[in-house]
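>>> Everything below, folded, please.
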Amino acid sequence: MSTLTRETVFGVPLVAASFEEAVPALLAHSPRSPILIAHADVHVLTRILHDADYGRGMQHFDYICPDGMPLVWILRRKGARQAQRLYGSAMMEQMWQQGRACGLRHFLLGSTESTCALLRERLTARFPGVAIAGHYCPPMPPWPEGEDARMLAALRDSGANCVWVGLGCPRQERWLFTHRGELPPALYFGVGAAFDFHAGRVRQAPEWMRNHGLEWLYRILREPRRLLRRYLVHNSRFLWYCLTRRF
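Numbering: from 1, shown residues only. Predicted coordinates for the structure are as follows:
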């Protein structure tokens with residue numbers, strides 16, 4: 001199994017690699033068991049440290065990719081000069097583009113039927129020949145009885161070897177580590193808002209804001225009622241960790 005260099009940030013092992021290193025390493029996997037990949041920003045990192053159950057569950061992930069510039073800056077300060085922000089949305093693009101050569105079959109888990117339809121339309125137009133094995137859109141939570149079993153059955157029946165999970169954080173990570181023992185062999189990426197970004201339902205922050213660690217501000221301004229509390233709580237915790245703990 002291919003491996004990627006990791007470096008810890010506050011005790012959490014993060015992938016310290018560039019896209020040029022990470023994507024071929026992930027494509028080289030021939031999964032005989034589920035391989036779980038998380039994309040962690042400050043919110044995810046502080047939740048791992050603050051929520052004991054969530055933190056224990058995240059230990060079941062094979063790779064935790066830095067999906068926020070503050071985490072990349074810390075990795076580089078610790079000597080991992082090659083570290084890049086392995087943005088979930090960009091990872092999706094790279095895997096869909098480069099995965100065509102090795103016959104990667106993709107499955108979309110999450111969001112709504114209309115968003116998945118737009119996502120499939122846009123990505124197949126951008127990456128002709130890409131193989132989409134299927135999709136499944138669970139209802140809004142709380143889920144009805146048997147929903148987990150239906151989701152797992154859809155995955156098994158699809159024959160997909162690359163699954164994109166857009167259930168939102170922390171639900172998508174919890175679902176993956178809770179059901180790891182039941183998941184069919186494949187690469188599983190928790191990518192949150194990437195479905196809405198690629199479907200054109202939500203605008204991404206300008207590149208300069210993403211490169212300077214300001215995407216959180218852009219998203220608060222776009223969706224204050226949904227995101228203001230999340231970013232205030234978790235960004236404040238992260239600053240406290242930076243002031244009181246060793247990286």
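
>>> now the chain, which segments are flagged as low pLDDT?
1-2 (pLDDT under 70).

>>> residue ranges for the helices of it, please.
Applying DSSP state H to the chain gives helices spanning 19-27, 42-50, 52-58, 69-77, 88-98, 113-126, 147-158, 171-178, 194-199, 207-211, 215-222, 224-244.

>>> who wins for proximity to Tyr188 among those?
Set against Tyr188 and scored by C-beta to C-beta, these come closest in helix 171-178, at 5.7 Å. (C-beta placed from N, C-alpha, C; glycine too.)

>>> before we move on, back to that, mean neighbour count, the helices of the chain: which tops it?
Ranked by mean neighbour count, these are led by helix 194-199 with a mean of 24 (mean count of other C-beta atoms under 10 Å).

>>> neighbours around the closest residue to Cys65 other than its chain neighbours, how many?
Nearest residue to Cys65, sequence neighbours excluded (C-beta to C-beta, 6 or more residues apart in numbering): Leu86, at 3.7 Å. Using other C-beta atoms under 10 Å, Leu86 has 28 neighbouring residues.

>>> Let me see the contact set for Leu86.
Val15, Ala17, Phe19, Ala22, His39, Cys65, Pro66, Asp67 (C-beta atoms under 8 Å, 6 or more residues apart in numbering).

>>> Can you select the buried ones from those residues in ChimeraX?
Those of the contacts of Leu86 that count as buried under 16 or more other C-beta atoms under 10 Å are selected in ChimeraX with:
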select :15,17,22,39,65,66,67
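
>>> out of the contacts of Leu86, which one sits closest to Asn161?
Ala22 (17.3 Å).

>>> could you measure the closest one against Val12, distance?
Applying C-beta to C-beta, to the nearest Å, the value for Ala22 to Val12 is 17 Å.

>>> now swap in Val202 and tell me
Val202 sits 27 Å away from Val12, going by C-beta to C-beta.

>>> Please identify which of the two sits among more neighbours.
Applying other C-beta under 10 Å to Val202 and Val12 shows that Val12 carries more neighbours, namely 20 against 15.

>>> my guess is the more buried one contacts Thr46, does it?
No: when contacts are counted by C-beta atoms under 8 Å, Val12 is not listed as touching Thr46 (10.0 Å).

>>> show me the contacts for the spatially closest residue to Leu119 that is not a sequence neighbour.
Nearest residue to Leu119, sequence neighbours excluded (C-beta to C-beta, 6+ apart): Ala199, at 4.4 Å. By C-beta under 8 Å, 6+ apart, the contact set of Ala199 is Ser111, Thr115, Cys116, Leu118, Leu119, Arg122.

>>> Ok, Tyr136 next?
With C-beta under 8 Å, 6+ apart, Tyr136 has these contacts: Phe107, Leu108, Leu109, Arg150, Met151, Ala154, Leu155.

>>> With respect to Ser236, which of the residues you listed is nearest?
Leu109 (31.8 Å).

>>> Residues in a beta bridge with the closest one, which ones?
Tyr136, Val165 (DSSP bridges).

>>> For it, give its distance to Gly166.
From Leu109 to Gly166 the distance is 7 Å (C-beta to C-beta).

>>> so what's Gly190 up against?
For Gly190, the contact set (C-beta under 8 Å, 6+ apart) comprises Leu36, Ile37, Ala38, His39, Gly88, Val165, Leu167, Cys169, Gln172, Glu173, Leu176.

>>> circling back to that earlier point, could you dump the helices of the chain to TSV with distance to Thr5?
As requested, the helices of the chain are exported to TSV (distance: least, C-beta to C-beta, whole Å):
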stretch	distance to Thr5
helix 19-27	8
helix 42-50	18
helix 52-58	19
helix 69-77	10
helix 88-98	17
helix 113-126	29
helix 147-158	30
helix 171-178	22
helix 194-199	24
helix 207-211	22
helix 215-222	25
helix 224-244	23
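
>>> Out of those helices, the one nearest Leu4 is which?
Of all those, it is helix 19-27 that lies closest to Leu4, at 5.2 Å by C-beta to C-beta.
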